[in-house]
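K.L.:
Mind looking at a prediction? Sequence and model below.
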Amino acid sequence: MKISDFDNKTPKLVLEEFFQGQLEGWGVTLSRFGAFQNQFKISAEGRWDAAANTLALKEIYTFDDGHTDTLTWTIIKRDGGTYEGRETRIEGIAAGEQAGNAFRWQYSRDVPDADGQTSKLGFDDWFWLQQPDVLVAHASLTKLGVEIATMNVFHRKL
């Protein structure tokens, strides 16, 4: 799958518009072989600074075992539908690209487990805008280059 596959798909996703304000979400994580691992809720809030071309996005994931994972993103909109992101636990810079109703986001980060340990995982996230207030996402999680899990997520703009 390539981002260009979505050039003409609608509704058009404008990342900084969708993530402006408050959102909620829900998702599940499945193991490499499709077994259920966990479910989670998401609370998020974004602020778009047009003068700086920057989206400040805070996401709080609350998992069914009670542990949480908070991401505090600084996402910069670049030319040609590209974005770059920074977050305290990511390795380097997250790279994103948008076309039509889709957005692809790739990065590696330390992910906290319920026991307080962390694991370095790679993320290849795909987002698709379905309606002006509904975004569907699918993420492939890798460790040492091997897919170990997938996440399916639904976001709703409030």
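P.N.:
That came through fine. Numbering: from 1, shown residues only.
K.L.:
And the helices in this protein, which stretches?
P.N.:
Per DSSP state H, the chain carries helices over the ranges 15-18.
K.L.:
how far away is the residue nearest the centre of the chain from residue 140?
P.N.:
Geometric centre of the chain, nearest residue: residue 125, 5.9 Å, by C-alpha atoms, centre = their mean. Counting by C-beta to C-beta, to the nearest Å, the gap from residue 125 to residue 140 is 8 Å. In this view, the C-beta of every residue, glycine as well, is placed from N, C-alpha and C.
K.L.:
so residue 143 sits right up against residue 121, yeah?
P.N.:
Yes - judged on C-beta atoms under 8 Å, residue 143 makes contact with residue 121 at a distance of 5.8 Å.
K.L.:
So for these two, which sits in the more crowded spot?
P.N.:
Shown here are residue 143 and residue 121; by other C-beta atoms under 10 Å, residue 121 has more neighbours (18 against 15).
K.L.:
Okay, and the beta partners of the more buried one?
P.N.:
residue 109 (DSSP bridges).
K.L.:
try residue 25
P.N.:
Beta-bridge partners, per DSSP bridges, of residue 25: residue 42, residue 155.
K.L.:
Could you check how many residues crowd around it?
P.N.:
For residue 25, the tally of surrounding residues (other C-beta under 10 Å) stands at 17.
K.L.:
Which residues are in contact with it?
P.N.:
41, 42, 44, 153, 154, 155, 156 (C-beta atoms under 8 Å, 6 or more residues apart in numbering).
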